[in-house]
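Peer 1: got a sequence here, can you model it:
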Amino acid sequence: MRLLAGLLLLTCWALPQVASADPSPTPTEVEQSTVTPLDVVEGWKSSPVYVEPSQRSLVPEQEAARLAERVSGQNQAIRIAVVPAAALRLGAQEDAARAFVDEVVDQQKADGIYLVVFGGAITWGSAVGVDTPIAEILTDELEKHSRSDPVGLLDGVLNELAVPGSSGGTPGWLWPLVIVLIVLVGLGFGLRWWKRRPGNDEGPALYRPSYDVLPDEADALEERQKLAREDMTRFGEELDTADVRVDGVNTAADVQAALDAYTEAGRVVDGQPDDARLREVRATVEYGRWRLATAQALVAGTPVPPRRAACFFDPAHGTSARDWMYTPAGGRAREIPVCTSCQARLSGAAR
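Peer 2: Next comes the predicted model:
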């Protein structure tokens, strides 16, 4: 079933001086018009939007290209043509417009929605083989747009037909791209800040081995896990080579404690420990090394070493309780031993 709708752009709401004008083509204009339905059909072979060259002032090339991009690939084919008002034959405009579009449809031989703008005189719509109330849609849009704004009218019709895109606005695909770019830029700045953030009170120190490594060798969790396993290997070698068996010196308890520490830490690093578990490994290994050093001191007859270093901020505070990442004014972040009270102060628990 063919649904046809013809609507004059010269309506009662147009400006008085425009409404009083007679847009009907004169006999001379009809004679001069060379645009035929076949010309329109030929134009649609290269684009679903055909604009006769003399109508570029109404629909510029860039607008025609944008409209073509909107209607391309729709389930219901949409074809648009903009031709001079002179293409209308003599007689009533509605009858002339209907006849012209009928001939275009017969030449095209395809179902779909046809929209033909006849200069500033009339816009005619035809729905062929599809159930689309094109007459109602055109009526609604004609109330919103003047006859000098065919682009706005066509965009409004396409919006009513739920065709993606918006009139003269930002392409729909651009907003997701902008959002992605903003997120990526934000992540970049966030990563840059993270690497350069002040380190006065970062919290408990991440795992670092007992042997010297470059700072960037412990940047990632996987790298710290690898360093912990290497540290465990070295501690095991220290236990194998330690000479702590001397008659008359009781070192069994210290040696056994060192072996137990090695076993416990090894059990953890054999898995996939997170940073919290790696800090426990570090404490366990340090304790094992201290017990081994104690046994060796007993054998050598030297003073037993303290378990941990004194507090970095004040040795009078006594032995440190844990390591902490600290950045002195104008300096670089580094790991220091701190007592319990200094740890509370750095973490903000004490004021």
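
Peer 1: helix, strand or coil for the residue nearest the centre of the chain?
Peer 2: Centroid-nearest residue in the chain, with C-alpha atoms, centre = their mean: Val180, separated by 2.5 Å. Following DSSP: H, G, I helix; E, B strand; the rest coil, we place Val180 in the helix state.

Peer 1: any idea how far Gly186 is from it?
Peer 2: 11 Å (C-beta to C-beta, to the nearest Å). For the C-beta atoms, the positions are set from N, CA and C on the backbone; glycine is no exception.

Peer 1: now Ala121
Peer 2: From Ala121 to Gly186 the distance is 53 Å (C-beta to C-beta).

Peer 1: quick one, helices of the stretch 251-351 of the chain?
Peer 2: 252-269, 275-300, 340-347 (DSSP state H, counting those that start in this stretch).

Peer 1: quick one: which of those is nearest Asn159?
Peer 2: helix 275-300 (54.5 Å; C-beta to C-beta).

Peer 1: helix or strand: which one has the nearest residue to Leu259 once chain neighbours are set aside?
Peer 2: Spatial nearest neighbour of Leu259, chain neighbours left out: Leu239 (6.6 Å); criterion: C-beta to C-beta, 6 or more residues apart in numbering. Assigned by DSSP states H and E, Leu239 belongs to helix 221-241.

Peer 1: same check, this time on Arg89
Peer 2: Using DSSP H and E, no helix or strand contains Arg89.

Peer 1: what is the burial count for it?
Peer 2: The number of residues packed near Arg89 is 15, by other C-beta atoms under 10 Å.

Peer 1: repeat that for Ala68.
Peer 2: Neighbours around Ala68, by other C-beta under 10 Å: 17.

Peer 1: just Ser347 next, same as before
Peer 2: 14.

Peer 1: quickly note the distance from it to Arg334.
Peer 2: Spatial separation of Ser347 from Arg334 under the definition C-beta to C-beta is 17 Å.

Peer 1: roughly how far apart are Ala110 and Leu259?
Peer 2: 87 Å.

Peer 1: wait, Gly152
Peer 2: 86 Å.

Peer 1: Thr132 too?
Peer 2: 85 Å.

Peer 1: the more surrounded of the two?
Peer 2: Thr132 (19 against 15).

Peer 1: surely that one meets Gln74?
Peer 2: No: counting by C-beta atoms under 8 Å, Thr132 does not reach Gln74; the two are 11.4 Å apart.

Peer 1: neighbours of Val285, how many?
Peer 2: Neighbours of Val285 using other C-beta under 10 Å come to 25.

Peer 1: let me know the pLDDT of it.
Peer 2: As predicted, Val285 sits at a pLDDT of 83.

Peer 1: got it, and Ser20?
Peer 2: Value for Ser20, per-residue pLDDT: 31.

Peer 1: what kind of secondary structure is Ser126 in?
Peer 2: On the basis of three-state DSSP, Ser126 is classed as strand.

Peer 1: show me the helices in the stretch 51-200 of the chain, by range?
Peer 2: 61-71, 93-108, 134-142, 150-160, 174-196.

Peer 1: okay, now Ala92: neighbour count?
Peer 2: Residues near Ala92, counting by other C-beta under 10 Å: 12.

Peer 1: again with Val116
Peer 2: Neighbourhood size, Val116 [other C-beta under 10 Å]: 23.

Peer 1: how about it, what does it touch?
Peer 2: 40, 80-83, 97, 100-101, 104, 123-126 (C-beta atoms under 8 Å, 6 or more residues apart in numbering).

Peer 1: let's see it at 6 Å
Peer 2: Residues in contact with Val116 (C-beta atoms under 6 Å, 6 or more residues apart in numbering) are Ala81, Val101, Trp124.

Peer 1: any idea how far it is from Asp102?
Peer 2: For Val116 relative to Asp102 (C-beta to C-beta), the value is 11 Å.

Peer 1: go on, Thr284?
Peer 2: Distance from Thr284 to Asp102, by C-beta to C-beta: 91 Å.

Peer 1: who has more neighbours out of the two?
Peer 2: Legend: neighbour count by other C-beta under 10 Å for Thr284 and Asp102, higher for Thr284 (21 against 17).

Peer 1: distance of the closest residue to the more buried one other than its chain neighbours relative to Leu88?
Peer 2: Excluding the flanking residues, the one nearest Thr284 by C-beta to C-beta, 6+ apart is Ala265, at 4.4 Å. Here Ala265 is placed at a distance of 93 Å from Leu88 (C-beta to C-beta).
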